[in-house]
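[1] For reference, the sequence and a predicted model appear below.
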Amino acid sequence: MRPNRSALAAFVIASLLAGTARAAPPSIELWRLDCGELWEGNLDEFSDTHAYVGKSKRLVVSCYLIRHGDSYMLWDAGLEKTDLGKPLVQNDTESEALRVTLVDQLAQIGIKPQQVSLVGISHYHFDHTGQAGDFPQAKLLMGKADLALLRRPGSERAKPLAHWIGGGGQLEEIEGDQDVFGDGKVVMLDLPGHTPGHHGLLVNLDGAGPVLLSGDVAHFQENLASSGVPIYNADRADSLASMDRFRTMARNLKAIAVIQHEPADVGKLPAFPKSAR
């Protein structure tokens with residue numbers, strides 16, 4: 001029996017459309033979250049060449065939520081909730097303040113903490129790990145060299161991540177660059193120097209294009225432009241190389257380069273609860 005040509009054509013078209021739907025890449029969405037603010041009364045600590053003697057500066061603490069298809073990833077976890085409601089004291093010392101928690105911000109866009117399947121941490125400093133414990137079901141992604149330091153006996157910095165370091169949660173130790181979802185959309189970037197296992201993040205948005213998140217490769221714009229190395233960085237040569245890589249990638253990719261602590265960079269992404277796509 002000869003096949004019905006119309007039926008056959010319809011079948012082929014339907015198959016092609018189904019295949020196209022299956023092959024469609026996942027959509028990407030990026031939110032900037034408010035994870036606190038810092039007052040640095042002695043900005044000279046941010047330069048081992050004494051570039052900021054007698055200066056002070058307010059810094060922001062930024063975290064980010066990435067939606068990759070149906071998956072959610074949190075990048076950095078900000079200040080601890082014990083800082084909630086504290087005033088930011090602007091004198092010659094350090095101060096930190098937190099206005100709203102990560103969980104409360106996620107609720108504003110209809111996301112429950114349990115929906116976050118990945119938490120990426122740029123490095124182990126307190127202003128990047130503070131609220132990670134609110135996402136115990138998530139797999140933690142963090143530089144292997146940083147985790148080695150946190151595992152040392154008596155490490156105070158390990159407390160916000162104790163759930164994972166103690167074996168209670170899924171943990172992936174990152175060496176070098178890491179393509180998080182395997183499709184080039186979200187890539188952890190090896191940028192050591194500030195700490196031994198420090199990473200930044202590249203998010204390739206469908207519409208807005210590449211976005212580079214700094215971690216603490218630098219803390220403010222002038223610091224990055226002048227290759228200023230804080231006195232407490234782990235390795236000076238690595239710090240300089242990582243700043244150069246960050247700047248060069250931003251230029252070559254024509255990326256939106258966001259220094260996570262720079263107040264002037266907050267406006268490079270849509271104001272929450274809006275997202276970048």
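    That came through fine. Numbering: from 1, shown residues only.
[2] same for the helix or strand hosting residue 140, what does it pack against?
    Assigned by DSSP states H and E, residue 140 belongs to strand 139-143. Judged by 3 or more C-beta pairs under 8 Å, 6 or more residues apart in numbering; DSSP states H and E, the packing partners of strand 139-143 are strand 116-121, strand 171-174. Just so you know, the C-beta spots here come from the backbone N, C-alpha and C atoms, and that holds for glycine as well.
[3] Now tell me what touches the first one from outside.
    So that's strand 116-121. Here strand 116-121 makes contact (C-beta atoms under 8 Å, 6 or more residues apart in numbering) with 65, 71-77, 106, 128-129, 132, 135, 137-142, 146, 161, 180, 188, 199, 201.
[4] deepest of the helices and strands packed on strand 139-143, which one?
    strand 116-121 (a mean of 24; mean count of other C-beta atoms under 10 Å).
[5] about what we covered before: the strand holding residue 140 pairs with which strands, parallel or anti?
    strand 116-121 (parallel), strand 171-174 (parallel) (DSSP bridges).
[6] Can you name the next helix or strand after the longest one?
    For strand 116-121, the succeeding helix or strand toward the C-terminus, using DSSP H and E, is helix 126-129.
[7] hmm, back to that, what's the closest of the strands paired with strand 139-143 to residue 215?
    For the strands paired with strand 139-143, the distance to residue 215 is smallest for strand 116-121, at 9.0 Å, taking C-beta to C-beta.
[8] which SSE is residue 232 in?
    Residue-wise, residue 232 maps onto no helix or strand under DSSP H and E.
[9] Give the closest residue to it in space, chain neighbours not counted.
    Nearest non-adjacent residue to residue 232, counting by C-beta to C-beta, 6 or more residues apart in numbering: residue 45, 6.8 Å away.
[10] Could you pull out the buried residues of stretch 224-244?
    224, 228, 229, 230, 233, 234, 235, 238, 239, 242, 243 (16 or more other C-beta atoms under 10 Å).
[11] ok, now stretch 119-129?
    So for stretch 119-129, counting by 16+ other C-beta under 10 Å, buried means 119, 120, 121, 122, 123, 124, 125, 127, 128, 129.
[12] in the sheet, who's paired with the first one?
    As for beta bridges, residue 119 partners with residue 74, residue 140 under DSSP bridges.
[13] what about stretch 159-169, how long is it end to end?
    Using C-alpha to C-alpha, to the nearest Å, the end-to-end distance of stretch 159-169 comes to 14 Å.
[14] So for that stretch, mean pLDDT?
    Taken as a whole, stretch 159-169 carries a mean pLDDT of 97.
[15] Just want to check the distance between the residue lying closest to residue 262 once chain neighbours are set aside and residue 180.
    Using C-beta to C-beta, 6+ apart and skipping residues adjacent in sequence, the residue nearest residue 262 is residue 220, 4.7 Å away. Relative to residue 180, residue 220 is positioned 27 Å away (C-beta to C-beta, to the nearest Å).
[16] now do residue 115
    Residue 115 is 16 Å from residue 180, by C-beta to C-beta.
[17] These two - which one has more neighbours?
    Comparing residue 115 with residue 180 by other C-beta atoms under 10 Å, the one with more neighbours is residue 180, at 23 against 15.
[18] which residues does the residue nearest to the more buried one when sequence neighbours are not counted bridge with?
    Distance criterion C-beta to C-beta, 6+ apart; nearest residue to residue 180, sequence neighbours excluded, is residue 186 at 4.3 Å. Going by DSSP bridges, residue 186 is paired in beta bridges with residue 203.
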